[in-house]
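A.B. asks: Kindly return the folded structure for what I paste below:
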Amino acid sequence: MSGKHTYTKGRASWADGIDGATPVQATHLTNFENGVTNAQDTANDAWDLATAANTSLTTDVTVKSLSAWATNSSMTPALGTLPADSYVYAVDVHVTQAFNSDGTDLLVVGWSGTTNALATSVDVSSTGVKSVTLGASAGYNSASHAVIATYTAGGSAASAGKALVVVRYVSVPTTP
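C.D. replies: All right, here's what the predicted structure looks like:
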């Protein structure tokens, strides 16, 4: 089958020419047909973002990440440099050892001057993959930033604690 096809799921519909679709595009269309939501389809979201920003995109988009471990002894680790013209679409925090101050243990992700730019107030007092609320600077960033995670003990100093922090992004075109 060739040409334009329209995919409809509930009230949403999508029309796309699937001739010459990349494997990522074809997977996304298959996921859409099978009822996979965007939240479940994050691997393909990078393609969606890049396609929306540049309709002449002809190659797959590479998802990039910055990561570091925040611990009770390394409370402000550097994750790396987020390049200019990037789009942050997710921040993940996985606590493998609970932080144990006698108050509220919180982690934020951002940069100097705006430490919660990418992720706000993640509770790290228990283990597991955490629900993260993205900060005001998640999304498109025109300037580069040195990204840091910042752990704050809500009371006494924690004697234990370890969390992996991952910022996921894609590079986007500098002009529309």
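
A.B. asks: And the strands in this structure, which stretches?
C.D. replies: Ranges of strands within the chain are 4-9, 12-17, 64-71, 78-82, 86-97, 106-111, 114-123, 128-129, 133-134, 139-141, 145-152, 162-171, based on DSSP state E.

A.B. asks: Serialize those strands to TSV and add fields for mean neighbour count.
C.D. replies: Any C-beta I mention is one placed from the backbone N, CA and C, and that applies to glycine too. Below are these laid out as TSV (neighbours: other C-beta atoms under 10 Å):
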stretch	mean neighbour count
strand 4-9	12
strand 12-17	11
strand 64-71	18
strand 78-82	17
strand 86-97	19
strand 106-111	24
strand 114-123	20
strand 128-129	10
strand 133-134	14
strand 139-141	16
strand 145-152	21
strand 162-171	21
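
A.B. asks: With mean pLDDT added, can I get those strands in CSV?
C.D. replies: Formatted as CSV, the entries for those read as follows, by pLDDT from 0 to 100:
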stretch, mean pLDDT
strand 4-9, 43
strand 12-17, 42
strand 64-71, 98
strand 78-82, 98
strand 86-97, 97
strand 106-111, 98
strand 114-123, 97
strand 128-129, 98
strand 133-134, 98
strand 139-141, 96
strand 145-152, 98
strand 162-171, 97
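
A.B. asks: tell me the domain ranges of this protein?
C.D. replies: Structural domains of the chain, as assigned by automatic domain parsing, span the residue ranges 4-53, 64-171.

A.B. asks: Check the gap between the nearest residue to G154 once chain neighbours are set aside and G155 for me.
C.D. replies: Distances taken as C-beta to C-beta, 6 or more residues apart in numbering place G103 nearest to G154, at 2.5 Å, with adjacent residues excluded. Taking C-beta to C-beta, to the nearest Å as the criterion, G103 is separated from G155 by 3 Å.

A.B. asks: so who does the residue nearest to R168 when sequence neighbours are not counted touch?
C.D. replies: The shortest distance from R168 to any residue other than its chain neighbours is 4.3 Å, reached at A90 (C-beta to C-beta, 6+ apart). Contacts were defined as C-beta atoms under 8 Å, 6 or more residues apart in numbering; by that measure A90 touches 42, 132, 134, 166-168.
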